[in-house]
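Chemist: Coordinates only, no sequence provided:
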């Protein structure tokens, strides 16, 4: 099963252009900083979830520890920004370090799979949380504060509208790169592994290498999003590497559609908006995510992105 084929390619292209046009004019039309804030947060999270979708949906693996890469990159970029380095240097350094960390971690943990891999990823997230809470350079439990605003080519990005367009550009770039990757032979090999790893191995596909590469790429996407979040928030705290955030990313991927990049973006937007408007529930937010995930897995296992096709198929059956 590959990217959910709901529309012909030409119609899909038209729809993408329409959605992109709406997103481009949205800040000029609404002029609502709170809504822009939620949109920015959604786009940052969508970057993480797209990378997670590559690893979970297109190789059949499980990871519930990607907040370690997300928050770790934020800390690296934040420290460099405070030291006086610009956005490009901070971003490249954080992404390179986290990408290498993802590669090294993958070499160790990807010998396991299924529940064991999920437990290993949780252990990594817990270790990172413990580390950042107990060393001075990260600010300890209070976090790292005082991260300056982005200065890009001498132009300071300070307003919500300016950061909105930076986040949108990052999301579009990340989507294009992953879409090209998934549509290549690399994507075919990963899908073969997800569907039947023994059959893929019989075809000569090096399962271990593809798993490591997809894990490293997903770590890089989490790192890129973490850098954006650090600059946007102006601080990084242990919450950025928390297990709760990892679970949120995981739920976003499954609710949107675990084998669809469109579903990854949709899941990130839906859960971000839902979490913003459900803050009054307090600690019951996590319970709400669990219930929603259970309902999706039970009644719509391919995610809400596939809802129109599921509804159409059921309607034909009933009629």
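Modeler: Arrived safely, thanks for sending. Keep in mind it's a predicted model, so treat the numbers as computed, not measured.

Chemist: and stretch 122-142, how far from the chain's centre?
Modeler: The chain centroid and the centroid of stretch 122-142 are separated by 21 Å under CA atoms, centre = their mean, to the nearest Å.

Chemist: need the contact list for the residue lying closest to residue 103 once chain neighbours are set aside.
Modeler: Residue nearest to residue 103 in three dimensions, not counting chain neighbours: residue 216, with 4.6 Å by CB to CB, 6 or more residues apart in numbering. Backbone N, C-alpha and C define where each C-beta goes, glycine included. Applying CB atoms under 8 Å, 6 or more residues apart in numbering to residue 216 gives the contacts 99, 102, 103, 106.

Chemist: how near is residue 235 to residue 39?
Modeler: 20 Å (CB to CB, to the nearest Å).

Chemist: nope, residue 77 is what I meant
Modeler: According to CB to CB, residue 77 stands 21 Å off from residue 39.

Chemist: Looking at these two, which has the bigger crowd around it?
Modeler: Neighbours were counted for residue 77 and for residue 39 using other CB atoms under 10 Å; residue 77 has more, 32 against 22.

Chemist: Quick one: distance of whichever strand or helix holds the more buried one to the chain centre.
Modeler: Using DSSP states H and E, residue 77 maps to helix 67-82. Distance of helix 67-82 from the chain centroid (CA atoms, centre = their mean) equals 16 Å.

Chemist: Who are the packing partners of it?
Modeler: helix 87-109, helix 115-133, strand 144-145, helix 207-233, strand 235-236, helix 243-256 (3 or more CB pairs under 8 Å, 6 or more residues apart in numbering; DSSP states H and E).

Chemist: Any buried residues in it, and which?
Modeler: By 16 or more other CB atoms under 10 Å, the buried positions in helix 67-82 come out as 67-81.

Chemist: again, but for stretch 192-203
Modeler: For stretch 192-203, a neighbour-count test (16+ other CB under 10 Å) marks 192, 193, 194, 197, 200 as buried.

Chemist: closest to residue 244 among these?
Modeler: Closest approach between these and residue 244, by CB to CB: residue 194, at 27.0 Å.

Chemist: The closest one contacts residue 60, correct?
Modeler: Yes: if you go by CB atoms under 8 Å, residue 194 and residue 60 touch, sitting 3.6 Å apart.

Chemist: returning to what we had before: take the helices and strands packed on helix 67-82 and write them to TSV, including distance to residue 35.
Modeler: Shown next, in TSV, are those (distance: least, CB to CB, whole Å):
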stretch	distance to residue 35
helix 87-109	25
helix 115-133	31
strand 144-145	26
helix 207-233	15
strand 235-236	22
helix 243-256	19
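
Chemist: Out of the ones you listed, which gets nearest to residue 47?
Modeler: Comparing the helices and strands packed on helix 67-82 against residue 47 with CB to CB, the closest turns out to be helix 207-233 (3.8 Å).
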